[in-house]
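Student: Quick one: sequence plus predicted model below, questions after.
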Amino acid sequence: MFKLNRLTDYAVVVMSRMAHRPGVVWTAPRISQDTGVPLPTVAKMLNALTHGALITSLRGAAGGYRLNRPAEEITVAEIVQVLEGPIALTACVDGAAGACDVESLCPMRGNWDKVNQAIQRALGEVTLADMAVFPPLFVDPPAPRQGAAVAD
């Protein structure tokens, strides 16, 4: 199963929250409170996202974190690469020579590149802004039909 790690999932949640108020400087405790992600996890993630240049860390009494670019310009592929490294389904994709003991004999050599490139393209086409669209928590019930009784 191809699965992103939990930290990457949380990073999309955290960055989506930040995208809803892009000019705001967010503190780690506030992010933790608003998203429900534990504070130690938020701190670890913010550090990685800062080193990956997706967010900026501001020091001082009014310090915190903010997105480096508008959410429409940050792709899911970038977030995955910052937290997990290069997107690669197998050890032999994109010319990673020497990662497999049977590389020279493998009949699939090079074929996984097509799949890997498709996944990279798909993740590159989805932006943080796309991910920051949340469904409504509560949906109003439909209005009663004309003349229908309304229950208390």
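Tutor: Now that the structure is in, tell me what you want to look at.

Student: following the helix or strand bottoming out on mean pLDDT in the chain, which helix or strand shows up next?
Tutor: Using mean pLDDT, DSSP states H and E, helix 112-125 stands out as the lowest-scoring helix or strand of the chain, at a mean of 89. Remark: after helix 112-125, the chain's next helix or strand is helix 128-131, criterion DSSP states H and E.

Student: Show me what counts as buried in that following helix.
Tutor: Applying a neighbour-count criterion of 16 or more other Cβ atoms under 10 Å, the buried positions in helix 128-131 are 128, 131. Heads up, the C-betas are built off the backbone N, CA and C, glycines and all.

Student: Let's test this: mean pLDDT of it, rounded?
Tutor: This predicted structure assigns helix 128-131 an average pLDDT of 94.

Student: and that helix, what does it pack onto?
Tutor: Using 3 or more Cβ pairs under 8 Å, 6 or more residues apart in numbering; DSSP states H and E as the contact criterion, the neighbours of helix 128-131 among helices and strands are helix 6-19, helix 76-84.
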